[in-house]
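Peer 1: Sequence below, structure please.
(chains A, B and C)
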Amino acid sequence: MDVALREIAAQLGGELIGDGELRISRIGTLEGATPETITFLSNPRYAAQLAGSSAGCVIVGPAQRDAAIARGAAIVADEPYLYYARLTQWWARRTRRGAAAGVHPSAVIDATARIDPSASIGALCVIGAGAAIGAGTRLAPRVTVGDGCRIGARCLLHSGVVIGADGFGFAPHDGRWEKIEQLGAVRIGDDVEIGANTCIDRGALEDTVIEDGVKLDNLIQIGHNVRVGAHTAMAGCVGVAGSATIGAHCTIGGGAVVLGHLSLADHVHISAASVVMRSIRQPGQYSGVFPIDDNAAWEKNAATLRQLHTLRERIRVLEKMQSENKRQP
Amino acid sequence: MDVALREIAAQLGGELIGDGELRISRIGTLEGATPETITFLSNPRYAAQLAGSSAGCVIVGPAQRDAAIARGAAIVADEPYLYYARLTQWWARRTRRGAAAGVHPSAVIDATARIDPSASIGALCVIGAGAAIGAGTRLAPRVTVGDGCRIGARCLLHSGVVIGADGFGFAPHDGRWEKIEQLGAVRIGDDVEIGANTCIDRGALEDTVIEDGVKLDNLIQIGHNVRVGAHTAMAGCVGVAGSATIGAHCTIGGGAVVLGHLSLADHVHISAASVVMRSIRQPGQYSGVFPIDDNAAWEKNAATLRQLHTLRERIRVLEKMQSENKRQP
Amino acid sequence: MDVALREIAAQLGGELIGDGELRISRIGTLEGATPETITFLSNPRYAAQLAGSSAGCVIVGPAQRDAAIARGAAIVADEPYLYYARLTQWWARRTRRGAAAGVHPSAVIDATARIDPSASIGALCVIGAGAAIGAGTRLAPRVTVGDGCRIGARCLLHSGVVIGADGFGFAPHDGRWEKIEQLGAVRIGDDVEIGANTCIDRGALEDTVIEDGVKLDNLIQIGHNVRVGAHTAMAGCVGVAGSATIGAHCTIGGGAVVLGHLSLADHVHISAASVVMRSIRQPGQYSGVFPIDDNAAWEKNAATLRQLHTLRERIRVLEKMQSENKRQP
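Peer 2: Sure thing, here's the model as predicted:
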């Protein structure tokens, strides 16, 4: 693709400064940009790279306006990262073949499933009895949507996603496990994106619920009866155990684990690889990761850690002796 | 569905107290139950919710009998959670279309695979040469069973499961990795359930073995030559590295990791997200997770942790000085 | 299969000592080997098992030559583990039906994809527009290769692999997430192996790159714009967040997490389940795992850990008092 800079500004807004006839053939990063590249600066940390970039045009916020103009064409926008996001969308629509509405002939669809005519169901998908797929939703190839599960509008499910496998429920009996049939389903709101090979299990009695605007990365496990609040985002490899309730506008870092039957308030942010072992009632950032170190140092610290409560005792004893010493004149 | 309470008791046993003609149309939780709902109380922690529940009938153990009767109809059973499990099974048989025996026409089955006529092979499954699927076993859509792998009777494999991919084996040579062909297979016992997108690799020389009654949740990785003992259960996202031997009747919490070539005794219970780095010979509960905290507190504690062994040294020095002080009268 | 020992040595080299007419029908481990078994000893830790093994022939290094001969036939090779690897390859070629070149009729291939005639595309694979598959590469059944993604020569992709799902990129706006279209692709070198259900996302602007000889186990997540250097190996369940750059000849243990925008030098080795939170510039072994313990001990230590920085303060106070005591004669 090759467009004049003024076409971009005409479509997406912002204040264009410089040569509107400049031809742009590529979106790129500041580093490694060519004169045909449009790029963006959203994180002030990278402001130093601005002057040295060969980009044809840089999208910047008002604070970087002068610095950007000093080096060439610029688009000034209130939220340059958002502008960049919309630019990628516009670019994709112009350069990529969109997913066609309709069902790929290789997909296996139960006769009782309801699929909106504007939805796009990719190759080799399987959609079960009574399932429903909303308007404009796209299933990439090789997605499973189980019986009775409902997906809202404008969702995007990537390859390998499994919606509505059985939740993990068993009653122990005589040293064996008796299956608890999972009678609920999965209900997914609008504008949800679900990454490759992510699994969302059906509820035991009620439905597992993913609210509007949730974004899930790849290889995430959502247990039965979980509720994920609107506009919450989770990075790859997160595991959420059964019956956890996660608020709206939360973020959960990659590889984090949320134990079952817990609640997270709205606007809770969990750092990558942290394990949530208790409910969190207050918004904020929470972490719990063993700091990485060279192996020899780790071994010494880990060995000491296993005696940590005895160290505390020894400090107590020392403190007691110290205070007794003081009393003895 | 809509059944009289006495029908349930007639099918599943227990002592029915109250109106046997009561119509039940739903299984639910204590909280939010309606007069048409049958529910259960197994965890005494929730006993306080009993009096306030609007459920038509509550399944309880003998200890809760009086409290249950005081509020309406009840079924008294020795193991109410087990009763509930069997109720869900009975309910599912009456309300859901069971998986039909036979092979879905879209599945790709090698001519040399042996599939019991009572097994059910879902859409878009792939079964390799010489593989065997036992009586009553069900493969959900989009399952792979590799060449030579054998699945027992009455198993349930969910969508995306991969049985018999190559184990991860390479010999280092001149800075490269030389593949070790994985000549074993996977052997799975009876009554095993395997969650969505879980992988069980084929053995290098011998088979990887999953014994009877094992229950694996979603997105679990079982490496080559692992042996999982009978009736062991693992929650989602667990990783078991190659040649680990896990006993019978173990439980492994979600996101836990078991390193390779280790042994776990029978009745070992690993907490979620814990990392098993040495063999465990004694039954019991084992844990190892960095406690989550608000980010600022975590940062301070994590920084100190990296110097933990020096703290121990400093305590030793203090103790030594203290004892020397004592000796000096 | 049943071969004379001299055939093995003729094909694979090494010094054969003993009866070359001995019939070998099985490759096995030292333990449990039969007189028809050929086995190997590479780790000196297992040398004690040598004398007691019933194996027909043992592959050993020069240092074990005498001990091996004392018990029966042997093949002496400089690198016995490498010899074993090549023996499995030779064995597999003679005993297993190789994957036939060509595309399985059930696979769904875009008309614009370029597939080398010597490549083998398994059942129910999906290959997108403009994708390319190199010579001798094999896709197991049920693999997705997205639009524009390129796989080199002699690669092996196991079932459930997803190459080229969208990277996880969103711009926050008014409490919602605005999608950043992922305009890059995935570029995979030669001789790469990718385990079952592993995902490699397409880049946001540039490509995600996996260099030659990389080996990835099952259920790994590789985020967008990641670069994995040549001959690096990762065990199962690893997560690598977006824009991380991992050097060549690294190893990453199972369940480890590498955060985004970090760099790892060549020859960095990360222990299983460790979390890489900062760039690592020096080759070496790095670890960060909470040591597992019986649950009661862990609870005490974890509780103390949450006050660790206050313990350090208390030690400081004690030290200060101690030194003041000293000054007071």
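Peer 1: For the rest of this, base every contact and every neighbour count on C-alpha atoms.
Peer 2: Fine.
Peer 1: Report the beta-bridge partner residues of the closest residue to A:E21 other than its chain neighbours.
Peer 2: Closest residue in space to A:E21, ignoring its immediate chain neighbours: A:A4 at 5.1 Å, by CA to CA, 6 or more residues apart in numbering or on different chains. Beta bridges link A:A4 to A:R23 when assigned by DSSP bridges.
Peer 1: Report pLDDT for A:A4.
Peer 2: Model confidence at A:A4, given as pLDDT, is 97.
Peer 1: pLDDT-wise, which helix or strand of chain A ranks last?
Peer 2: Lowest on mean pLDDT, DSSP states H and E among the helices and strands of chain A sits helix A:308-327, with a mean of 88.
Peer 1: Contacts for it, please.
Peer 2: Applying CA atoms under 8 Å, 6 or more residues apart in numbering or on different chains, the contact partners of helix A:308-327 are B:312, B:315, B:318-319, B:322, C:300-301, C:304-305, C:311, C:314-315, C:318.
Peer 1: Kindly report the same for stretch A:45-55.
Peer 2: Here stretch A:45-55 makes contact (CA under 8 Å, 6+ apart) with A:30-39, A:41, A:64, A:67-68, A:70-71.
Peer 1: Could you give me the buried positions within that stretch?
Peer 2: Neighbour counts using 16 or more other CA atoms under 10 Å in any protein chain shown place A:47, A:50, A:53-55 of stretch A:45-55 among the buried residues.
Peer 1: Stretch A:322-329 now?
Peer 2: Buried-residue list, stretch A:322-329, by 16+ other CA under 10 Å: A:Q322.
Peer 1: just stretch A:217-232 next, same as before
Peer 2: Buried positions in stretch A:217-232, judged by neighbour count with 16+ other CA under 10 Å: A:217-232.
Peer 1: ok, now which ones touch A:G236?
Peer 2: Neighbouring residues of A:G236 by CA under 8 Å, 6+ apart: A:216-220, A:253-255, C:221, C:239, C:241.
Peer 1: Of those residues, which is the nearest to chain B?
Peer 2: The shortest approach to chain B among these belongs to A:L219, at 7.4 Å (CA to the nearest CA).
Peer 1: Now the closest one: closest residue in space that isn't a chain neighbour?
Peer 2: Nearest non-adjacent residue to A:L219, counting by CA to CA, 6+ apart: A:T198, 4.3 Å away.
Peer 1: That neighbour: neighbouring residues, count only.
Peer 2: 29 (other CA atoms under 10 Å in any protein chain shown).
Peer 1: Any idea which residue of the stretch 51-200 of chain A lies closest to chain C?
Peer 2: Nearest residue of the stretch 51-200 of chain A to chain C, counting by CA to the nearest CA: A:A85, 4.4 Å away.
Peer 1: could you point out which element follows the host helix or strand of that residue?
Peer 2: Counting by DSSP states H and E, the secondary-structure element that holds A:A85 is helix A:80-95. Next along the chain after helix A:80-95, taking DSSP H and E as the criterion, comes strand A:102-103.
Peer 1: partner strands of that following strand, parallel or antiparallel?
Peer 2: Strand pairing for strand A:102-103, using DSSP bridges, gives strand A:120-121 (parallel).
Peer 1: which residues touch the strand it pairs with?
Peer 2: For strand A:120-121, contacts defined as CA under 8 Å, 6+ apart pick out A:99-104, A:107, A:136-141.
Peer 1: now the helices: where do they sit in the stretch 201-329 of chain A?
Peer 2: Listed in chain order, the helices of the stretch 201-329 of chain A (DSSP state H, counting those that start in this stretch) span A:295-305, A:308-327.
Peer 1: In a markdown table: these, plus distance to A:L156.
Peer 2: Formatted as a markdown table, the helices of the stretch 201-329 of chain A follow (distance: least, CA to CA, whole Å):
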| stretch | distance to A:L156 |
| --- | --- |
| helix A:295-305 | 42 |
| helix A:308-327 | 48 |
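Peer 1: so of those, which one's packed in deepest?
Peer 2: Highest mean neighbour count among the helices of the stretch 201-329 of chain A (mean count of other CA atoms under 10 Å in any protein chain shown): helix A:295-305, with a mean of 19.
Peer 1: now for that helix, which elements pack on it?
Peer 2: helix B:308-327, strand C:284-287 (3 or more CA pairs under 8 Å, 6 or more residues apart in numbering or on different chains; DSSP states H and E).
Peer 1: what does the stretch 1-150 of chain A put close to chain C?
Peer 2: Contact residues (CA under 8 Å from any CA of the partner chain) of the stretch 1-150 of chain A with chain C: A:27-29, A:81-82, A:84-86, A:88-89, A:92, A:123-124, A:141-142.
Peer 1: Could you report the pLDDT at the closest residue to A:A99 other than its chain neighbours?
Peer 2: Distance criterion CA to CA, 6+ apart; nearest residue to A:A99, sequence neighbours excluded, is A:S120 at 6.4 Å. Listed pLDDT for A:S120 reads 98.
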